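Enquirer: okay, sequence plus prediction incoming.
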Amino acid sequence: MSLFDLTGKVALLTGASKGMGLAMATALADHGATVVISARKQEALDTAAAGINARGKGTAYAVSCNVGDKDQLQALVDKTHALAGPIDIVIGNAGGQSLLRENLKNRR
């Protein structure tokens, strides 16, 4: 196993449809992680996830969410568990992250 082998790990990233968030999600998937990427616009997320999946190294799922909305944030955490299992890595790259921490604290 290499130092950066993330096979079997699940990463949840917010603000990940473009820019730094997408770059981080791509890198995690390249090292074997299953990534769940989130942002507010589903169409942009679908494009980003397709790009990650086309690389053939990790799996990406796209789930839209406004992290400033507590109900949407809980749905994101629940959907991540349903799609990929327990969350190992969280990268908050969008505003309103205090709600994400609160929801994850009770789900691990």
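Expert: Okay, I see it.
Enquirer: do a quick rundown of the strands in the protein.
Expert: Remark: strands assigned in the chain by DSSP state E are 10-14, 34-38, 59-62, 89-92.
Enquirer: identify the residues contacting the third one?
Expert: Strand 59-62 has contacts (C-beta atoms under 8 Å, 6 or more residues apart in numbering) with 17, 25, 29, 34-38, 42, 45-46, 48-49, 52-53, 80, 83-84. Heads up, the C-betas are built off the backbone N, CA and C, glycines and all.
Enquirer: among these, name the buried ones.
Expert: 17, 25, 29, 34-38, 45, 48-49, 52-53, 80, 84 (16 or more other C-beta atoms under 10 Å).
Enquirer: closest to residue 7 among those residues?
Expert: Closest to residue 7 out of the buried ones among the contacts of strand 59-62 is residue 34 (9.2 Å), distances taken as C-beta to C-beta.
Enquirer: what's near enough to touch that closest one?
Expert: 9, 10, 11, 58, 59, 60, 61, 84, 85.
Enquirer: isn't residue 77 right up against residue 87?
Expert: Yes: counting by C-beta atoms under 8 Å, residue 87 is a contact partner of residue 77 at 7.4 Å.
Enquirer: when those two are compared, which one has more neighbours?
Expert: Neighbours per residue (other C-beta atoms under 10 Å) separate residue 77 from residue 87, with residue 77 holding more: 21 against 17.
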